[in-house]
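Trainee: Sharing a model prediction with you, sequence too.
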Amino acid sequence: MTKTINETVEVVAKFAGDIENIRPSQFKWQDREFNVKKSTRYRYRNGDEVVYVFSVTDGFSSFELDFNLRDFSWMLRKVCDMKLA
């Protein structure tokens with residue numbers, strides 16, 4: 001089951017040289033920490049705003065995280081897991 005969340009979350013991310021190589025490695029949601037095992041990403045523009053969208057998994061559940069370059073904020077958009085949703 002996929003559920004829309006749209007909540008700001010704290011994320012630990014790794015940068016490998018520049019912003020193009022950012023990767024989330026951990027995030028906190030509902031007082032739980034999730035370690036990212038795999039991720040894919042794409043980016044889009046909305047006017048002058050650039051947003052990176054990450055599809056990530058902790059090995060059990062899938063999540064969609066957005067990283068906004070304008071204000072360096074992270075947003076948990078969606079979660080796919082029967083136990084968490």
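Mentor: Good, I have the coordinates.
Trainee: helices and strands of this structure: which one bottoms out on pLDDT?
Mentor: Here the helix or strand of the chain ranked lowest by mean pLDDT, DSSP states H and E is strand 18-29, holding a mean of 90.
Trainee: Next, the buried residues of that strand.
Mentor: 22, 24, 27, 29 (16 or more other Cβ atoms under 10 Å). Backbone N, C-alpha and C define where each C-beta goes, glycine included.
Trainee: now, among the residues you listed, which is nearest to Arg45?
Mentor: Ile22 (16.4 Å; Cβ to Cβ).
Trainee: so that closest one makes contact with Lys14?
Mentor: Yes. Counting by Cβ atoms under 8 Å, Ile22 touches Lys14, with 7.2 Å between them.
Trainee: Where does pLDDT dip in this structure?
Mentor: For the chain, the stretches with pLDDT under 70 are 82-85.
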